[in-house]
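Chemist: Sequence and predicted model, in that order:
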Amino acid sequence: MHAQDNVSPATRQRVLEVIEALGYVPDSAAQSMVRRSKEVIGLVAIEARLPDTEVEQEGLLFIEEVLRGIESALSPLGWPVLIATRHADDHGDAFQWLQRMSAKVDGLLISEGFEPEERLAKLATRVPVVLIAGSPDALYADVVSADNRAGTTALVSHLIERHGRTRLWYVGGPREAPDARERRAAFAETLAQYQGVRLAGSSEGRFAALSGQHAVREILTRSRGELPDAIVCANDQMALGAIQELRDAGIRVPADMSVTGFDDVYLGAMLTPPLTTVHQPMRLLGERACSLLLDRIADPALPRRVERLPARLVVRQSCGCPP
């Protein structure tokens, strides 16, 4: 069963035939005790979606694309992924929950700013950890993220220079998410470079479609006379929600207002109008994070690594560009 050389081919064949006849399956728990390896990777993510929106029901979430990349990296090894999500508003015994999960796996992939850094640093002394879309300043773990700053800068510059937008409303992601903080900072820095361009207002969302809908309702309530001429959303799902709410209010996109996103989920290209966004390689994020984790499991003494994957502007019609 273990392909050892000191077993004759005839004996091996007889044993395999008996195994097949009995339907025997090895006890993975017992094997892991012998090998001191569980051959399982853990994936931990924040459950930020709100279940009463159609976009979430499409199953086109960031973490699901990341998971495909992780599974691709693990496929040659045959290792499974233990997936666990926790709701963003659940502040109970999260660290104890993570500790229990770490006992079941060889390493953890953690997404989107899960716990205070001092606690994650403590966890990383017990089990190898790689952060997906994490802060590059996290010194206790390897990190893989997209170039949020370059992508956001290209997007905002396009709205201003190509379409002459001057009153921009920003819909940000959760403040505990490092990628949301990076995008917000890049948006503000880019806006400050242009004279005559101002921030019309901002909202904080949860990376869910309903957050985009709430942002538009806030815009319509707060704006007296002069609406923003562009809404920049920190991810595609919030942009999709914003477009739906604008349509319901009789506001045309992009004739009356541009709307943009970030991620480049499949549904955005199918929208009317198709969504201008920033493509981040979500599957590659998963692949690279998993590869770094497998390296770390094999050699815990490796130097810390940070990988920043390129993000690129994807121009479609929701910003005002022609088909």
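Modeler: Cool, the structure landed.
Chemist: If you average pLDDT per helix and strand, which one of the protein comes out bottom?
Modeler: Lowest mean confidence among the helices and strands of the chain (mean pLDDT, DSSP states H and E): helix 28-35, at a mean of 45.
Chemist: mind listing the strands for the stretch 51-200 of the chain?
Modeler: Ranges of strands in the stretch 51-200 of the chain, per DSSP state E, counting those that start in this stretch, are 81-87, 107-111, 129-132, 142-146, 167-172, 198-204.
Chemist: Restrict the last one to CA atoms and write it as PDB.
Modeler: When you say that, I think you mean strand 198-204. Taking C-alpha atoms only, strand 198-204 is exported to PDB below (Å, rounded to 0.1, in the frame of the first residue of the first chain):
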ATOM      1  CA  ARG A 198     -14.000  66.000  -5.400                       C
ATOM      2  CA  LEU A 199     -15.400  63.300  -3.200                       C
ATOM      3  CA  ALA A 200     -19.100  63.500  -3.300                       C
ATOM      4  CA  GLY A 201     -19.500  61.100  -0.400                       C
ATOM      5  CA  SER A 202     -18.700  57.600   0.700                       C
ATOM      6  CA  SER A 203     -20.300  54.500   2.300                       C
ATOM      7  CA  GLU A 204     -18.900  51.500   4.000                       C
END
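Chemist: quick one on the thing from earlier: tabulate the strands of the stretch 51-200 of the chain (JSON lines), appending mean neighbour count, mean pLDDT and distance to Val15.
Modeler: Just so you know, the C-beta spots here come from the backbone N, C-alpha and C atoms, and that holds for glycine as well. Compiled in JSON lines, these are given as follows (neighbours: other Cβ atoms under 10 Å; pLDDT from 0 to 100; distance: least, Cβ to Cβ, whole Å):
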{"stretch": "strand 81-87", "mean neighbour count": "15", "mean pLDDT": "84", "distance to Val15": "31"}
{"stretch": "strand 107-111", "mean neighbour count": "25", "mean pLDDT": "93", "distance to Val15": "33"}
{"stretch": "strand 129-132", "mean neighbour count": "28", "mean pLDDT": "94", "distance to Val15": "39"}
{"stretch": "strand 142-146", "mean neighbour count": "25", "mean pLDDT": "96", "distance to Val15": "41"}
{"stretch": "strand 167-172", "mean neighbour count": "24", "mean pLDDT": "98", "distance to Val15": "60"}
{"stretch": "strand 198-204", "mean neighbour count": "17", "mean pLDDT": "95", "distance to Val15": "61"}
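Chemist: So for Leu240, which of those strands sits nearest?
Modeler: strand 167-172 (11.5 Å; Cβ to Cβ).
Chemist: Tabulate the CA atom coordinates of the closest one in CSV.
Modeler: Extracted in CSV, the C-alpha atoms of strand 167-172 (Å, rounded to 0.1, in the frame of the first residue of the first chain):
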residue,chain,number,x,y,z
ARG,A,167,-18.1,64.1,-8.4
LEU,A,168,-17.2,60.6,-7.3
TRP,A,169,-19.0,58.6,-4.5
TYR,A,170,-17.0,55.7,-3.0
VAL,A,171,-18.5,52.5,-1.7
GLY,A,172,-15.8,50.8,0.4
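Chemist: Packing partners of it?
Modeler: Counting contacts by 3 or more Cβ pairs under 8 Å, 6 or more residues apart in numbering; DSSP states H and E, strand 167-172 is packed against helix 178-191, strand 198-204, helix 209-222, strand 230-233, helix 236-248.
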